[in-house]
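Trainee: mind looking at a prediction? Sequence and model below.
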Number of protein chains: 4
Amino acid sequence: MPADVLTALEPRKTPVQARATVTVEAICEATIQVLLSHGAERLTTSRVAERAGVSVGTLYQYFPNKQSLLFAVFDDHLNKVAMAVESACEYGHHKPLAEMIRQVVVAFVSVKMDRADISVALYKVAPDIGGPAVVERVGRRLRKAIDSMLQTAPDVELCPDKFAIDMMLAAMSGAMRSALEAGASQASFRKIREHLVVLCQSYMAAVTMQRS
Amino acid sequence: MPADVLTALEPRKTPVQARATVTVEAICEATIQVLLSHGAERLTTSRVAERAGVSVGTLYQYFPNKQSLLFAVFDDHLNKVAMAVESACEYGHHKPLAEMIRQVVVAFVSVKMDRADISVALYKVAPDIGGPAVVERVGRRLRKAIDSMLQTAPDVELCPDKFAIDMMLAAMSGAMRSALEAGASQASFRKIREHLVVLCQSYMAAVTMQRS
Amino acid sequence: MPADVLTALEPRKTPVQARATVTVEAICEATIQVLLSHGAERLTTSRVAERAGVSVGTLYQYFPNKQSLLFAVFDDHLNKVAMAVESACEYGHHKPLAEMIRQVVVAFVSVKMDRADISVALYKVAPDIGGPAVVERVGRRLRKAIDSMLQTAPDVELCPDKFAIDMMLAAMSGAMRSALEAGASQASFRKIREHLVVLCQSYMAAVTMQRS
Amino acid sequence: MPADVLTALEPRKTPVQARATVTVEAICEATIQVLLSHGAERLTTSRVAERAGVSVGTLYQYFPNKQSLLFAVFDDHLNKVAMAVESACEYGHHKPLAEMIRQVVVAFVSVKMDRADISVALYKVAPDIGGPAVVERVGRRLRKAIDSMLQTAPDVELCPDKFAIDMMLAAMSGAMRSALEAGASQASFRKIREHLVVLCQSYMAAVTMQRS
DNA sequence: CATGAATGAGGTTTCATTCAT
DNA sequence: TATGAATGAAACCTCATTCAT
């Protein structure tokens, strides 16, 4: 029941005046700032409002509660991840399977690395804001994009079921999560990326009938 | 700096008297109960003490703070996971690579499934109690166990580096995590298990020189 | 000092344009709606404005503050009650005492019953808007109407003093209040009405010199 | 469903140590003080705690919320009223009807007058704390006491039904309420008392079969 | 050793009201 | 005149932790 969980977290009202739009963006930006500078447990609505240069009241005009604030940032982040992967899938159409997988993995690792600090910060708050539900929603998007891409692989006889794609995504996310949380170096990330490419390629090869 | 993080979380004193041991166990058990019944954010030291049938004061005689309480439970849980995997490794010695991997995966999936609710509950509190640090410590144990096992594989020419093992563990954990958080069914877990077996086997095969 | 209390609560400006009158009425109506649907403590000026289909700003153009809003509704309600009783008094002129009293009681009970939900809702807000002062003002009107009526009673030698009339009104109001607050049924109200008739008749008979 | 309403208002825990009992009483006393000095709408939990010389936290150990605080005071007040009337009923046994009624009315008026300020203050908060429910509970007590008393009246053939007693109580309460809210003088109260005696006596005479 | 009363800083959220547009 | 974005004081309530008994 993702819908259920998520309704309470949706923005309270959509700004109609230009001024309001600016305000909302300032609040979201401030949320990230505070998240990074103070950490998840020291993030308070007042602090965010202050950082955004507005009053708490204003904050609460657009976000029904603290969770919805984090939710907005979380959702935005996952959207960016999803878009990066989707774009990689687009680009991977009609390429050989191994190349496809490489594209996806590289895109995923890159976007996560680029936003390493936010990622780590969000891991901490995810459980409080219906994380799994949002993750699942994004998961569906990615699965669909990857599935479409795989359909166009010239060297694939039988596409793997959705399940296998989920599996791959979960494995990829898990590996990145532990690397990010451990504060891996740039060099590590490069190595991880190559290993993830191998991991995903070999798994996909295994669950796929490959043409000659 | 895992050491730093962890010292503050260790139990205040090791109970020597039998009575005290009973008390400590009651408190740990109560912590799990409260975690499951009230959720992480409604877990308070008073509630735990009440559930354990002792006073808050008593609780604070054995645990210096709330975190240490959760830490104890978390640590215990990871220990059980580690032991299950280590035992599987023991059993896997001198078996073919594919069989080894299957043992490990099956053991890991089983132990996580058996404690599904606790696992999910602990995912939520992990960030507050230096989760990654503990996870890393356990990770070292598992890596070592798996490494030793791999050394005895009759069909492996060149053992993979530590890095690849970490990778596999991270992928496995990540996949299980998303399944557990999504509340997967028994049937799902069986399917996941088989896919994880394939995933790990094919990855290990790829990073390993296999004999003939 | 009723005057003092009441001045601050009067509407800000008397609407002259037709459009304005419509707006004011919409706001009053919305106030009642919100009172009934959300309860007194959840009644906010924004909610009223929204229900009325205007902006908060507009609301504040006609009412200087929240109290004045409730005051307007309260005042209106009491006016209706007063008018019902006054009309009953008019009709009761030159009838025998017992008949007079019956008219008044029946009119009062009817008008309160008809507006049972509003009555109950207003009981809750009355204290916040100088309720007693308004009640007293209306009380004066009723007392005067009843007094005039009694003067024409053919079977009354000596009219009771104002005090006795106040007494009767207070008793009547009190009885209705507790019935309304208890959520009495239609049947109950009929029974209450008859008992109130008896109560008032016997009291009035007692404080009145009756002719032969 | 009074029980439903009232459960949320019951004290959180009964003090076991002597110290705690003192604290609870201090809090109740402070509640009355603040109610009288600042008025209902300026009564805040912090103010009460401060006046009681304890911290807010302590207050919340014994009362689950602000309402329960007021509830405790309200309940106590009504208890005192009930006891006064019950005691008057006890004393009135076997006396003539008129004398019985006089006892009850005098007792009621006296106890309310003695606590005039608290009464008025409580009228204001009653709606917020399930007033009607408590009132009804006390109403039952009084009705029972009065009923028992009436059974012993030497000059009453047929006792009035419960309903008539409720009526009388409601009328009496209503009359006192408006007098108290209007800030009546001592002299007024004496006059009111005598009128209420007449009102109740004549009503009761009317609904009662009196012997010869 | 155990108890449980007391602490109080600190968090979230509401809402009457104003005023620039 | 109408709008609705912004304000910010102020309320309620929680809970980790201490310490006298």
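Mentor: That came through fine.
Trainee: list the buried residues of the one helix or strand residue A:137 maps to.
Mentor: In this assignment (DSSP states H and E), residue A:137 forms part of helix A:131-151. Neighbour-count burial for helix A:131-151 flags A:131-135, A:138-139, A:141-143, A:145-146, A:149-150 (criterion: 16 or more other CB atoms under 10 Å in any protein chain shown). Heads up, the C-betas are built off the backbone N, CA and C, glycines and all.
Trainee: and what of stretch A:149-160?
Mentor: For stretch A:149-160, by 16+ other CB under 10 Å, it's A:149-150, A:153, A:155-156, A:159-160.
Trainee: next one: stretch A:29-38
Mentor: A:30-32, A:34-35.
Trainee: what's whichever strand or helix holds residue A:118 packed up against?
Mentor: In the assignment (DSSP H and E), residue A:118 maps to helix A:116-125. With contacts taken as 3 or more CB pairs under 8 Å, 6 or more residues apart in numbering or on different chains; DSSP states H and E, helix A:116-125 sits against helix A:18-38, helix A:66-92, helix A:162-181.
Trainee: is the first one in proximity to chain B?
Mentor: No - for helix A:18-38 and chain B, the contact criterion (CB under 8 Å from any CB of the partner chain) is not met; the two come no nearer than 12.7 Å.
Trainee: that older thread, okay, the angle between the helix holding residue A:118 and helix A:131-151?
Mentor: 130 degrees (axes from the mean of the first three to the mean of the last three CA atoms, to 10 degrees).
Trainee: picking up where we left off before, tell me the one of the buried residues of stretch A:29-38 nearest chain D?
Mentor: residue A:34 (27.3 Å; CB to the nearest CB).
Trainee: is the helix or strand where residue A:60 lies anywhere near DNA strand F?
Mentor: Using DSSP H and E, residue A:60 maps to helix A:56-62. Yes - among the residues of helix A:56-62, A:56-58, A:60-61 lie within reach of DNA strand F under CB under 7 Å from any atom of the strand.
Trainee: out of those residues, which touch chain C?
Mentor: Counting by CB under 8 Å from any CB, no member of those is near chain C.
Trainee: which of those sits closest to residue C:24?
Mentor: Distance to residue C:24 across the residues of helix A:56-62 next to DNA strand F (CB to CB) is lowest for residue A:61, with 26.6 Å.
Trainee: I'd guessed that closest one sits against residue A:12; true?
Mentor: Yes - the criterion here is CB atoms under 8 Å, and residue A:61 meets it with residue A:12 at 6.6 Å.
Trainee: neighbour count winner among those two?
Mentor: residue A:61 (18 against 11; other CB atoms under 10 Å in any protein chain shown).
Trainee: can you give me phi and psi for residue A:156?
Mentor: Backbone torsions of residue A:156, given as degrees, to the nearest 10, read phi -110, psi 120.
Trainee: on the pLDDT front, check it for me.
Mentor: pLDDT for residue A:156: 82.
Trainee: endpoints of stretch A:85-100, how far apart?
Mentor: 11 Å (CA to CA, to the nearest Å).
Trainee: that stretch near chain B at all?
Mentor: No - Stretch A:85-100 does not reach chain B (CB under 8 Å from any CB); its nearest approach is 11.7 Å.
Trainee: in the host helix or strand of residue A:205, which residues are buried?
Mentor: Remark: residue A:205 resides in helix A:186-206, with elements defined by DSSP H and E. Within helix A:186-206, the residues that count as buried by 16+ other CB under 10 Å are A:189, A:191-193, A:195-206.
Trainee: contacting chain D as well, which ones from those?
Mentor: Within those, nothing lies near chain D by CB under 8 Å from any CB.
Trainee: biggest separation within these, which pair?
Mentor: Checking the buried residues of helix A:186-206 with CB to CB, the most distant pair is A:189 and A:206, at 25.4 Å.
Trainee: what average pLDDT does stretch A:66-85 get?
Mentor: Rounded mean pLDDT across stretch A:66-85 is 94.
Trainee: can it be found next to DNA strand F?
Mentor: No - against DNA strand F, stretch A:66-85 shows no contacts by CB under 7 Å from any atom of the strand, the least distance being 12.9 Å.
Trainee: next, see if that stretch gets close to DNA strand E.
Mentor: Yes - judged by CB under 7 Å from any atom of the strand, stretch A:66-85 and DNA strand E are in contact via A:66-67.
Trainee: what's that stretch in contact with?
Mentor: The contact list for stretch A:66-85, computed with CB atoms under 8 Å, 6 or more residues apart in numbering or on different chains, reads A:6, A:8-12, A:27-28, A:31-32, A:35, A:43-45, A:48, A:59, A:63, A:104, A:107-108, A:110-112, A:115, A:118-119, A:122, A:125-126, A:128-131, A:134-135, A:138, A:141-142, A:145-146.
Trainee: from those, list just the buried residues.
Mentor: The buried subset of these - by 16+ other CB under 10 Å - is A:6, A:9, A:27-28, A:31-32, A:35, A:43, A:45, A:48, A:59, A:63, A:104, A:107-108, A:111-112, A:115, A:118-119, A:122, A:125-126, A:128-131, A:134-135, A:138, A:141-142, A:145-146.
Trainee: please consider this matter closed, and thank you.
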